[in-house]
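1. Fold the following, please.
(4 chains)
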2 protein chains.
Amino acid sequence: MTTAAPTSSAVRLAAETWESLFRSQVAVMRRLQAGQAFKKLPIKEYDVLFTLSRCPTGKLRLNEINDHVLLSQSSLSRLVDRLEKRGLVERSIAPDDGRGILLGLTAAGQELQKEIGREHIRDIAELVAPALTAEEQRELLRLTEKLQAFVAHKQPREG
Amino acid sequence: MTTAAPTSSAVRLAAETWESLFRSQVAVMRRLQAGQAFKKLPIKEYDVLFTLSRCPTGKLRLNEINDHVLLSQSSLSRLVDRLEKRGLVERSIAPDDGRGILLGLTAAGQELQKEIGREHIRDIAELVAPALTAEEQRELLRLTEKLQAFVAHKQPREG
DNA sequence: CAGTGATACATGCAAATGCATCTATTTTGG
DNA sequence: CCAAAATAGATGCATTTGCATGTATCACTG
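-> Take a look at the predicted model:
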């Protein structure tokens, strides 16, 4: 065997940690999505614009985006339909893979992302900055990045 | 004025921290909800059973539950309809408030919660425990609890 | 204690979501 | 090089969700 049996207390600690991470995310997200910014565009749709805006090449494959958001493949496909219908985003065929779709922001999409982003980041700062010291925020950032990195690389089943 | 203007770097740190917290939650949740346990009951419905199981009195008001989950009031109402139709949960009128509904687990609901819970906690431990040391988990737990406490007590708009 | 507003939950209805499946392309194995 | 399997994304359809609103109870004010 490759891993030692976890003790009961180790299991409990992991469970409590996840529970707390999850509930804090719910609490913050609930506030953020009530923000004025998301009257213009639902937060999930904004998140796709944001993800594209952060990408160096400006374009991403749908399956790459899908890894970032908590949506099924088909739901993302239709979410992108909606963004495309609003002229915020453009589909193109991936040059190196005829099955793949590259998604990029239009000028209007960039504009709207920045506009919403400005309000959104203000709401985030208002909620997170006074809750934790800068040192604590850096530590929370480090720990969640480490967790995410582990989960991303772990094999789905027989890890 | 009651708060100093945040510096640009403070805003950026808060935003990066939230982004990382959010993405790590997405990554972990994606794995968890793919677990075998949630073929029996969607994870959101399980979460309501779990919340009830953790409650000392065994019963909670719908609006209390609603604070814990990322669902609109109407969606929770119908989610509870489904749980009730499956005999997992029972509505009763709150004794001290005729408008309120108290929700409690049935025996079948307790049974199913425990059954799913056993698998679920194993999946959590498998995902979280190897990603962070015990010390790091305790720190992550502390920081997310602190964040959640702040957000819960902060006033919605003029905080 | 009547009247007004607020709160708790339910419901009609349109929109979003996920599952299963389909098409098209790419990859793999003989 | 071809057939079979795998992968990317789209689509039909049933389920879930949220918004707006409805009903009932509670809280407050004069």
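
2. Now do the spatially closest residue to residue A:109 that is not a sequence neighbour against chain B, distance only.
-> Taking Cβ to Cβ, 6 or more residues apart in numbering or on different chains, and ignoring the residues beside it in sequence, residue A:109 has residue A:88 as its nearest neighbour in space, at 3.6 Å. Placement of C-beta: from N, CA and C, glycine included. Residue A:88 sits 21 Å away from chain B, going by Cβ to the nearest Cβ, to the nearest Å.

3. so how many other residues sit close to residue A:88?
-> 24 (other Cβ atoms under 10 Å in any protein chain shown).

4. looking at it, it is touching residue A:49, isn't it?
-> Yes: contact criterion Cβ atoms under 8 Å: residue A:88 and residue A:49 qualify, at 6.4 Å.

5. Helices of chain A, residue ranges please.
-> For chain A, the helices defined by DSSP state H occupy A:8-33, A:43-53, A:62-68, A:73-85, A:107-128, A:134-153.

6. Redo those helices as TSV? Include distance to residue B:99, mean neighbour count and mean pLDDT.
-> TSV is the format used below for these (distance: least, Cβ to Cβ, whole Å; neighbours: other Cβ atoms under 10 Å in any protein chain shown; pLDDT from 0 to 100):
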stretch	distance to residue B:99	mean neighbour count	mean pLDDT
helix A:8-33	22	20	97
helix A:43-53	30	20	98
helix A:62-68	41	16	97
helix A:73-85	35	14	98
helix A:107-128	30	18	97
helix A:134-153	39	18	96
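
7. circling back: quick one, what contacts the residue nearest to residue A:109?
-> The contact partners of residue A:88, by Cβ atoms under 8 Å, 6 or more residues apart in numbering or on different chains, come to A:41, A:49, A:105, A:106, A:108, A:109, A:112.

8. Contact residues of chain A facing DNA strand D?
-> A:61-63, A:66, A:73-74, A:77-78, A:80-81, A:91, A:94, A:97, A:99-101 (Cβ under 7 Å from any atom of the strand).

9. Pick the one among these closest to DNA strand C.
-> Distance to DNA strand C across these (Cβ to the nearest atom of the strand) is lowest for residue A:74, with 3.2 Å.

10. Pull the most distant pair out of the residues of chain A next to DNA strand D.
-> Greatest spatial distance in those: A:78 and A:97, 21.5 Å, computed using Cβ to Cβ.

11. which ones are touching the closest residue to residue A:141 other than its chain neighbours?
-> Among residues not flanking residue A:141 along the chain, residue B:17 sits closest, at 4.6 Å (Cβ to Cβ, 6+ apart). For residue B:17, the contacting residues are A:128, A:132, A:137, A:138, A:140, A:141, A:144, by Cβ under 8 Å, 6+ apart.

12. Recalculate using a threshold of 7 Å.
-> Counting by Cβ atoms under 7 Å, 6 or more residues apart in numbering or on different chains, residue B:17 touches A:128, A:137, A:140, A:141.

13. Next one: it from residue A:24, what distance?
-> 11 Å (Cβ to Cβ, to the nearest Å).

14. do residue A:117 as well
-> 22 Å.

15. Repeat that for residue A:49.
-> From residue A:49 over to residue A:24 (counting by Cβ to Cβ), the distance is 25 Å.

16. So what does residue A:100 have for phi and psi?
-> Residue A:100 adopts backbone torsions of phi -80, psi 150, taken as degrees, to the nearest 10.

17. Please name the nearest non-neighbouring residue to it.
-> Spatially, and ignoring its direct neighbours in sequence, residue A:100 is nearest to residue A:94 (3.3 Å; Cβ to Cβ, 6+ apart).

18. Residue A:16 now?
-> Going by Cβ to Cβ, 6+ apart, residue A:16 has residue B:141 as its nearest residue, at 5.9 Å.

19. What parts of chain A come near DNA strand C?
-> Neighbours of DNA strand C within chain A, by Cβ under 7 Å from any atom of the strand: A:42, A:44, A:70-75, A:78-79, A:82, A:97-99.

20. which of those residues come close to chain B?
-> By Cβ under 7 Å from any Cβ of the partner chain, the members of these lying near chain B are residue A:70.

21. As CSV, could you dump the C-alpha coordinates of stretch A:114-124?
-> These are the backbone C-alpha positions of stretch A:114-124, laid out as CSV (Å, rounded to 0.1, in the frame of the first residue of the first chain):
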residue,chain,number,x,y,z
LYS,A,114,-13.7,45.8,-17.1
GLU,A,115,-16.8,47.7,-16.1
ILE,A,116,-18.2,44.9,-13.9
GLY,A,117,-14.7,44.0,-12.7
ARG,A,118,-14.1,47.5,-11.2
GLU,A,119,-17.3,47.2,-9.1
HIS,A,120,-16.7,43.6,-8.3
ILE,A,121,-13.1,44.1,-7.0
ARG,A,122,-14.4,46.9,-4.8
ASP,A,123,-17.0,44.6,-3.3
ILE,A,124,-14.4,41.9,-2.7
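
22. Having no further points to raise, I will conclude here.
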